[in-house]
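1. structural data only, the sequence is not supplied:
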């Protein structure tokens, strides 16, 4: 199937390192990180796979992988390969989200091409699950479309932010996964403050937890786990 007609799966997996791992010898930690990074780098040649550091931001997650693929089994096979590395025994996944692309019923109803998520490579990525109140779905379609168009018009004024909303109905616990690429986290904060006044925001049931990741190569993300990036080398 071509990229224009097949579904694109989008997944976010967040990892937390066991603090006990920090007490291992440096050589052992380095070997574990290398093996994990090699798997990620290999798979990055087969699918769109990006890494983000959350060290120092949220206590329950240290780094995140953003995965985009048209082949659902890629997600399982990548996870299996990562589980085979020594580092996997020291990692937990406190959060993992799955979604898929779908044309918006409010903006793209006349399009015959499926929506694609194309990351632009911004320095930061803000990710969170999203659920609307059931009352939202009882509103007439014209009312929902008007509210969402107002919502989008506000967002369009923030030109440094790119929205990547995907759908999780029936394949994960949330209804949507929302991801925003931005130049600075504060940019996204200002957007959210402005959107609080929109009609559509009144129908938000849940939009947490929120994760702010900084785009880094996987080896840099892993080096931040044990402070290797700050050590002075002889």
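-> Alright, I've got the coordinates. Every value quoted in this text rests on a predicted model; they were computed, and no experiment measured them. Numbering: from 1, shown residues only.

2. can you give me the strands for the chain?
-> 9-17, 48-53, 63-69, 91-100, 124-132, 162-167, 176-182, 204-206, 211-215 (DSSP state E).

3. do a quick rundown of the helices in this protein.
-> Taking DSSP state H as the test, the helices found in the chain are 26-43, 73-83, 141-156, 185-195, 218-225.

4. picking up where we left off before, could you redo the strands of the chain as TSV and give each row distance to residue 84 and mean neighbour count?
-> Bear in mind the C-beta positions are built from the backbone N, C-alpha and C, glycine included. Converted to TSV, these look like this (distance: least, CB to CB, whole Å; neighbours: other CB atoms under 10 Å):
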stretch	distance to residue 84	mean neighbour count
strand 9-17	15	22
strand 48-53	17	21
strand 63-69	16	22
strand 91-100	13	18
strand 124-132	26	19
strand 162-167	28	19
strand 176-182	27	21
strand 204-206	35	14
strand 211-215	25	21
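
5. closest to residue 197 out of these?
-> With CB to CB as the measure, strand 204-206 is the member of those nearest residue 197 (12.8 Å).

6. coming back round to it: among the strands of the chain, which is nearest residue 141?
-> The closest of those to residue 141 is strand 124-132. By CB to CB, the value is 14.2 Å.

7. dump the strands of the chain to TSV, plus distance to residue 106.
-> Shown next, in TSV, are the strands of the chain (distance: least, CB to CB, whole Å):
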stretch	distance to residue 106
strand 9-17	19
strand 48-53	26
strand 63-69	23
strand 91-100	17
strand 124-132	12
strand 162-167	11
strand 176-182	13
strand 204-206	16
strand 211-215	26
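
8. take these and lay them out in CSV including distance to residue 80 and mean pLDDT.
-> Compiled in CSV, the strands of the chain are given as follows (distance: least, CB to CB, whole Å; pLDDT from 0 to 100):
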stretch, distance to residue 80, mean pLDDT
strand 9-17, 13, 98
strand 48-53, 15, 98
strand 63-69, 14, 98
strand 91-100, 14, 98
strand 124-132, 23, 98
strand 162-167, 23, 96
strand 176-182, 23, 98
strand 204-206, 31, 97
strand 211-215, 24, 98
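
9. for the ones you listed, which one sits closest to residue 35?
-> Set against residue 35 and scored by CB to CB, the strands of the chain come closest in strand 91-100, at 12.2 Å.

10. what angle sits between the closest one and strand 176-182?
-> Counting by axes from the mean of the first three to the mean of the last three CA atoms, to 10 degrees, strand 91-100 lies at 100 degrees to strand 176-182.

11. report all helices and strands that strand 91-100 contacts.
-> In this structure, strand 91-100 makes packing contacts with strand 9-17, strand 162-167, strand 176-182, judged by 3 or more CB pairs under 8 Å, 6 or more residues apart in numbering; DSSP states H and E.

12. I'd say residue 99 and residue 173 touch.
-> No. With contact defined as CB atoms under 8 Å, residue 99 does not count as touching residue 173 (11.1 Å).

13. between the strands of the chain, which gets nearest to residue 37?
-> Between residue 37 and the strands of the chain, the tightest spacing by CB to CB is seen for strand 48-53, at 9.1 Å.

14. and the closest one, which strands flank it?
-> Sheet pairing here is set by DSSP bridges, and for strand 48-53 it gives strand 63-69 (antiparallel), strand 211-215 (antiparallel).

15. what angle separates that strand from helix 73-83?
-> Going by the same axes, to 10 degrees, strand 48-53 makes 50 degrees with helix 73-83.

16. what does strand 48-53 contact?
-> Residues outside strand 48-53 that contact it (CB atoms under 8 Å, 6 or more residues apart in numbering): 40, 43, 62-69, 78, 119, 125, 213-218, 220-221, 224.
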